[in-house]
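Novice: Below are the sequence and a predicted model; questions follow.
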Amino acid sequence: MSAMVKRLPLHWNWNPPGRTFAQTLIGFSIALLCAVPLWLTGVPEAEATGVYSMPNLAAGDPTWVIDQATTLSRITRNEINGELEQLAQTTGTEVRFVTIHRLDYGESIDDFTKKLFQKWFPTPEAQANQVLLVLDNVTNTIAIQTGAEVKTTLTDDIAESVAQETILVPVRNGNKYNQAFIDASDRLVAVLSGQPDPGPPVVNDTVQTEGTFARAEETDDRSATIIVVVLLVLATVIPMVTYYFYQMQS
């Protein structure tokens, strides 16, 4: 016994029954115009990180790495956790690394770090032996906060060097986040344990000749401009073509 099998068409029917081609084209044009604002604006704000969205934490909490931006490997997180746990047990100083993906609109990494430091450690006593370092991996900006007792061994200059050099040099030289945070952990542990400061990474100066390559920012601006122009042209041309086609059919 054989069964009748209905074959499905292998092509998309651009002109469904009951609708003229002009009506279908008008519907497509309206859908395109409605989609334009979404393409232009996107939804990056939904991914922004504010202090209110960070987990609660307090002095003595054995949480040393919060990698919300998922920039670090599990091996790196485990290695850093072990170092910072040992540091806390031997010196009483607690160091925490935080990575985030995109700040709230209008907020700087410095403001975010200060607010998070105050949220987690609201009193001078709670802040005294704390170090908090926060990186935003979208802008690759970083900030560090230290308590009053910490400053006796980790000066503001060394703390700033750890953030702006030990971390940002490898990050800006190939997005080497794992190396950057391991080096920062090693340096902080050494300084806070009373050992000599290993110092920032050595940067080899290379001769940079002027070229014709566009910077990443320029490339992004050009791409955005091209997309906007194309969408505006489509939004203008498609309704015109639809109108003339409709006139020809009537």
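Specialist: That came through fine.

Novice: According to the record, where do the domains of this structure fall?
Specialist: According to automatic domain parsing, the chain is divided into the following domains: 56-192, 222-250.

Novice: Reduced to three states, what does residue 134 come out as?
Specialist: strand (DSSP: H, G, I helix; E, B strand; the rest coil).

Novice: just checking, it touches residue 98?
Specialist: Yes. Using C-beta atoms under 8 Å, residue 134 and residue 98 qualify as a contacting pair, with a distance of 4.5 Å. For glycine as for every other residue, the C-beta is placed from the backbone atoms N, C-alpha and C.

Novice: can you map out the strands along this structure?
Specialist: Per DSSP state E, the chain carries strands over the ranges 65-67, 94-100, 130-136, 141-146.

Novice: Adding mean pLDDT and distance to residue 171, write these out as TSV.
Specialist: Formatted as TSV, the strands of the chain follow (pLDDT from 0 to 100; distance: least, C-beta to C-beta, whole Å):
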stretch	mean pLDDT	distance to residue 171
strand 65-67	97	14
strand 94-100	97	11
strand 130-136	97	8
strand 141-146	97	8
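
Novice: Same drill for residue 134 and residue 98, tell me which one is more crowded.
Specialist: Between residue 134 and residue 98, counted using other C-beta atoms under 10 Å, residue 134 has the larger neighbour count: 26 against 23.

Novice: Look up which residues are beta-bridged to that one.
Specialist: Beta-bridge partners for residue 134, by DSSP bridges, are residue 98, residue 143.

Novice: That one and residue 100, how far apart?
Specialist: 7 Å (C-beta to C-beta, to the nearest Å).

Novice: Overlap in contacts, the two.
Specialist: Residues touching both residue 134 and residue 100 (C-beta atoms under 8 Å, 6 or more residues apart in numbering): residue 112.

Novice: Kind regards, and thank you for your time.
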